[in-house]
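Enquirer: Make a model of this:
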Amino acid sequence: MRRLRSLLALSLTFAATAPAQQAAPRPNILYILADDLGNADVGFQGSDIRTPNLDALAKGGTTIAQFYALPMCTPTRAALMTGRYPFRYGLQTGVIFSAHTYGLPTDEYLLSQALHDAGYYTAIIGKWHLGHADRKYWPRQRGFDYQYGPLLGELDYFTHQQHGVTDWYLDNKRVEEPGYITTLLGSAAVKLVQRHDFKQPLFLYLAFTAPHTPYQAPQRYLDMYKGMADQNRRVYAAMITAMDDEIGKVLAALEKKGVRGNTLIIFHSDNGGTRDAMFSGEGNVKGELPPSNGELRGGKGTVYEGGTRVPALVNWPGHVPAGRREEGPMHVVDMYPTLAGLAGASMAKVKEPFDGLDLWPALSTGAPSPRTEVVYNIESFRAGVREGNWKLVWKTTLPAKVELFDLAADPYEKTDVSAQHPDEVLKLEQRAQELATQSVPSLVMQTELQGILKRLAVPPALPDEEALDHMTP
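Expert: Here you go, the predicted model:
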């Protein structure tokens, strides 16, 4: 007993004098965004398209069955960077086309700025699509320490041009270089990882343009899908596998650097796969559009599930459990507070109302998602709002149309039950109206209207005086 008491006293003395256990270091963050990727077009969603690296991340992490983005590219990217729905600052409708001069308002405090201010090295490699006509909208002016890639929404994968103009930049300077876009972006990400001193945490926003139009891929990837009869589907599949290969190289670089274990990885698409040629981009696509959203209704550009529910995963070894979350929605606006919380970043400068919710307790423990409402979008001509499992799709232009879906019983939105549940319709319509009162006019709608008015202001062509003299009364 005396020996036991001595050992106990010794252990207590050691415990009292030992240094306190340090908290785990803040994670590096690798945020990977695909472009116009169909919900069913990755291996971990059951596709025949080869994505072994994404599948491995999915197997070792959490896949999110109900992860929501906005219906199109620019709104989703804006929601990610602000943690706020795009209707609050005018980016709710369409995308920023090459002829547009507006961008994400500069009074928004972006995720990149919050992480930069918290001591992270911030880098964007890939597509920006939040303003290009004025340098004040560019990534280096919005909290990113490093930038490489395009500013616009779509460009040729080999020439890096849109309408004959090169859209390829390195730290605010246009560069001319050969190469396939997806490969260049992956190589740049690998080089960044190799040269970075990880004493400073890294936020790497790797925003691929794949598999957005134009459908183009190197021959060696096309050869992998010789058995696909549809040419568009063959090229589309090749683009996705090329992207997956580059993701694998970045993962290998993190592993070799010894920081893979403390790197949080998030992957998802910016919207659903394109099923309507109206939303395929500024170029023309001949033939069948190749993306698949499985049984989900609609695609890119719609507020149905096929346009907004996207393939998504979160992976951080030892911190995120392996498995699949079937229940409970999560939204891209939630990524800002989730990442800021993990990074220890202050959110004192964010604008209100702030729409994002911190998902980390749910992601790290498997607890229910704190989100019960999903705002698919609020626009002057339509709204999509969900509370619990009730979802309203409201077309407000004449002839107006209201649809109500019970997503628990009807996840593929096949049956409109609005007539059977008028109280639910009224409640969701009131919520949509409330949100609409908080919205600002769409910048793209204002831009297009100004263009129309400008054209109308041009006086009509009139015959000259000599012609008038020869006119017969």
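Enquirer: which residues of the stretch 251-400 of the chain fall in helices?
Expert: For the stretch 251-400 of the chain, applying DSSP state H, counting those that start in this stretch gives helices covering 305-308, 335-343, 360-365.
Enquirer: Would you mind splitting this structure into its domains for me?
Expert: 28-372, 380-436 (automatic domain parsing).
Enquirer: looking at the helices of the stretch 251-400 of the chain, which is buried most?
Expert: Mean neighbour count (mean count of other C-beta atoms under 10 Å) peaks for helix 305-308 among the helices of the stretch 251-400 of the chain, with a mean of 29. Using the backbone N, CA and C atoms, a C-beta is placed for each residue, glycine as well.
Enquirer: ok so, going back, quick one: closest of the domains of the chain to residue 454.
Expert: domain 28-372 (12.9 Å; C-beta to C-beta).
Enquirer: pLDDT (mean, whole number) over that closest one?
Expert: Domain 28-372 carries an average pLDDT of 97.
Enquirer: before we move on, back to that, now render the helices of the stretch 251-400 of the chain as CSV, adding distance to residue 424.
Expert: Formatted as CSV, these follow (distance: least, C-beta to C-beta, whole Å):
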stretch, distance to residue 424
helix 305-308, 18
helix 335-343, 29
helix 360-365, 26
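Enquirer: ok, the residue minimising distance to the centre of the chain - contacts?
Expert: Taking C-alpha atoms, centre = their mean as the criterion, residue 270 is the residue nearest the geometric centre of the chain, at 3.4 Å. Taking C-beta atoms under 8 Å, 6 or more residues apart in numbering, we find residue 270 in contact with 33, 34, 35, 36, 69, 70, 72, 73, 76, 77, 310.
Enquirer: The same query, at a cut-off of 6 Å, please.
Expert: 33, 35, 69, 73, 76 (C-beta atoms under 6 Å, 6 or more residues apart in numbering).
Enquirer: What is the neighbour count of the third one?
Expert: With neighbours defined by other C-beta atoms under 10 Å, the count for residue 69 comes to 27.
Enquirer: How many residues are close by residue 420?
Expert: As a burial measure, residue 420 scores 11 neighbours (other C-beta under 10 Å).
Enquirer: Which pLDDT value goes with it?
Expert: Reading off the model, residue 420 has pLDDT 98.
Enquirer: Helix, strand or coil: sort out it for me.
Expert: What DSSP: H, G, I helix; E, B strand; the rest coil gives for residue 420 is coil.
Enquirer: do the same with the one 10 residues further on
Expert: Classification of residue 430 using three-state DSSP returns helix.
Enquirer: what's residue 168 in contact with, if anything?
Expert: By C-beta under 6 Å, 6+ apart, residue 168 lies in contact with 160, 175.
Enquirer: picking that back up, out of the domains of the chain, the one nearest residue 443 is which?
Expert: Nearest to residue 443 among these is domain 28-372; the distance by C-beta to C-beta comes to 4.0 Å.
Enquirer: and residue 31, what does it touch?
Expert: 205, 266.
Enquirer: now the domains of the chain in a markdown table, with distance to residue 456?
Expert: Converted to a markdown table, those look like this (distance: least, C-beta to C-beta, whole Å):
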| stretch | distance to residue 456 |
| --- | --- |
| domain 28-372 | 18 |
| domain 380-436 | 21 |
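Enquirer: Buried deepest among these, which one?
Expert: When the domains of the chain are compared using mean count of other C-beta under 10 Å, domain 28-372 is most buried, at a mean of 20.
Enquirer: got the end-to-end distance for it?
Expert: 29 Å (C-alpha to C-alpha, to the nearest Å).
Enquirer: now swap in stretch 250-267 and tell me
Expert: 13 Å.
Enquirer: Would you map the helices across the stretch 101-250 of the chain?
Expert: For the stretch 101-250 of the chain, the helices defined by DSSP H, counting those that start in this stretch occupy 111-117, 181-195, 219-222, 231-257.
Enquirer: between those helices, which one is nearest to residue 28?
Expert: Among those, the nearest to residue 28 by C-beta to C-beta is helix 231-257 (7.7 Å).
Enquirer: and the closest one with helix 181-195, angle?
Expert: Relative orientation of helix 231-257 versus helix 181-195 (axes from the mean of the first three to the mean of the last three C-alpha atoms, to 10 degrees): 10 degrees.
Enquirer: tell me how far stretch 386-405 is from the chain's mean position?
Expert: Remark: stretch 386-405 is offset 24 Å from the chain centroid, using C-alpha atoms, centre = their mean, to the nearest Å.
Enquirer: before we move on, the earlier item: nearest to residue 175, out of the helices of the stretch 251-400 of the chain?
Expert: Judged by C-beta to C-beta, the one of these that comes nearest to residue 175 is helix 335-343, at 29.3 Å.
Enquirer: Tell me which two in the contacts of residue 270 are the farthest apart.
Expert: Maximum pairwise distance among the contacts of residue 270 (C-beta to C-beta): 11.1 Å, between 35 and 69.
Enquirer: hmm, back to that, relative to residue 127, how far out is the residue nearest to the centre of the chain?
Expert: 9 Å (C-beta to C-beta, to the nearest Å).
Enquirer: Where do the strands of the stretch 51-200 of the chain begin and end?
Expert: 62-64, 67-68, 121-126, 146-149, 161-162, 165-166, 169-170, 173-174 (DSSP state E, counting those that start in this stretch).
Enquirer: Between those, which one is closest to residue 366.
Expert: Minimum separation from residue 366 across those (C-beta to C-beta) falls at strand 62-64, 7.9 Å.
Enquirer: surely residue 377 meets residue 386?
Expert: No - counting by C-beta atoms under 6 Å, residue 377 stays clear of residue 386, with 11.4 Å between them.
Enquirer: If you drop the residues flanking it in sequence, what lies closest to residue 159?
Expert: residue 166 (7.7 Å; C-beta to C-beta, 6 or more residues apart in numbering).
Enquirer: just checking, residue 376 touches residue 382?
Expert: No - with contact defined as C-beta under 6 Å, residue 376 does not count as touching residue 382 (9.1 Å).
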